[in-house]
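Student: Quick one, what's the 3D model for this:
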Amino acid sequence: MENKILLQIGSVSVTGYSVCVCVAAMMFSLLVLLRAKKHQIKQETAEWFTLFSLLLGIFCGHFLYCLSLIYQILPDPEEGIAAFFMPWKGNFMMFGVIGGCVVSAWLAGRITGERMSRILDFSALPICIFIACVRFASPLCGQGYGSEVSEEFLHFFPLSYVLDPEYEDELYFAVFIYEGLAALAIGLIISLLKQKPAGFKAAYALIFYSASQIFFESIREDQLVEWLFVRVSQIYATLIMLGILIFCLVKAGQKEAYVRNLVLYLVLVAACVFFEFIKDKPAVLGMYIELDNVYCHSAMFVLAACMGVVSSRSLRRLGQDGIIF
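Tutor: Predicted coordinates:
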């Protein structure tokens, strides 16, 4: 679906997708500001965090997108490296937005004396709601769809939808719906968690979101950034959970249980790479390996869930050992 321009002001184009992102940002801001008192966060902290998040979220999201495409952007004779600093041109990655929010929490904490980990815990739900709203708007820019659904009895929303109005008989799996619902579910789970040491709720939210993205990116068929046969978002998600595991290992003093979780995680990563490889590149070492996508996607779901469980287990053990961020 074409990202239709609603309004043109000079060189600035206002599209339906950009309007939805702005609405999502407004909802995020209101949730942060209205929930501050209830969660014993200074109003000043909430205001600084909101301001920094709106600015750095957009900038870091766009910067990470450009960094992922650096091999295409640098040779561009018109923009080149300047494209990194043009967030108004659109295109951003959600992990970059999350990174911008983390930096914003650090800055707000430095200014107001609030602990960064408390700010991140408090902001986990608003960030999840923002992500969900943006995911639900993905079709407006032609993103968020999976493979074509050939069985007619599955031709109904929200399971499938028409990608191009000119081809009403071609329906595609509506991945964006389930990405949005997953983000909402993560926010709900985090908000219902019992009291945890500061920073743990945010870390759990990051683990759950990263694990979900490894699966969802595997079943998406839209044109997003890829390195070889793996989507870049899957790489970032894998590195985030790996970073949390290494953090737990270092904090705990390299105890055997943490080492075991790290090794198991690396085995799961290797299995994910294998299934992504045979799904996209079936010719392996001269032998033709062909697996139905249903089996590959099912395997990716199980592996991504296991990666999330292993990472969460190390984090939970860290809390049980009385170690805080």
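Student: So this protein: which segments form each domain?
Tutor: 1-141, 196-325 (automatic domain parsing).
Student: didn't residue 35 look like it was pressed against residue 126?
Tutor: Yes: contact criterion C-beta atoms under 8 Å: residue 35 and residue 126 qualify, at 7.4 Å. (C-beta placed from N, C-alpha, C; glycine too.)
Student: Please say which of the two ends up with more neighbours.
Tutor: residue 126 (23 against 15; other C-beta atoms under 10 Å).
Student: pLDDT score assigned to that one?
Tutor: pLDDT recorded at residue 126 is 95.
Student: Who are the contact partners of it?
Tutor: 27-28, 31-32, 35 (C-beta atoms under 8 Å, 6 or more residues apart in numbering).
Student: Can you pull out the low-pLDDT segments for the protein?
Tutor: 1-13, 75-80, 87-90, 224, 227, 254, 280-293, 321-325 (pLDDT under 70).
Student: just so I have it, where are all the strands in it?
Tutor: Here the chain has its strands, by DSSP state E, at 5-9, 12-15, 160-162, 171-173, 226-227, 230-231, 283-284, 287-288.
Student: Give the burial count for residue 82, as a bare number.
Tutor: 11.
Student: In contact with the residue nearest to residue 178 when sequence neighbours are not counted: list those residues for me.
Tutor: The shortest distance from residue 178 to any non-neighbouring residue, by C-beta to C-beta, 6 or more residues apart in numbering, is to residue 216 (7.0 Å). Residues near residue 216 by C-beta under 8 Å, 6+ apart: 175, 178-179, 182.
Student: same check, this time on residue 264
Tutor: Counted by C-beta under 8 Å, 6+ apart, residue 264 has contacts residue 310.
Student: returning to what we had before: export the domains of the chain as TSV, with columns for distance to residue 163.
Tutor: Converted to TSV, those look like this (distance: least, C-beta to C-beta, whole Å):
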stretch	distance to residue 163
domain 1-141	6
domain 196-325	9
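Student: closest one to residue 161 among the ones you listed?
Tutor: domain 1-141 (7.0 Å; C-beta to C-beta).
Student: that older thread, to residue 150, which of the domains of the chain lies closest?
Tutor: Closest among the domains of the chain, using C-beta to C-beta: domain 196-325, at 11.9 Å.
Student: so how far is the closest one from its chain's centroid?
Tutor: In terms of C-alpha atoms, centre = their mean, to the nearest Å, the centre of domain 196-325 is found 13 Å from the chain centre.
Student: and residue 312, how many neighbours does it have?
Tutor: 18.
Student: how about the helices in this protein?
Tutor: Per DSSP state H, the chain carries helices over the ranges 16-35, 43-68, 70-73, 94-112, 116-136, 175-192, 200-219, 232-252, 256-280, 293-320.
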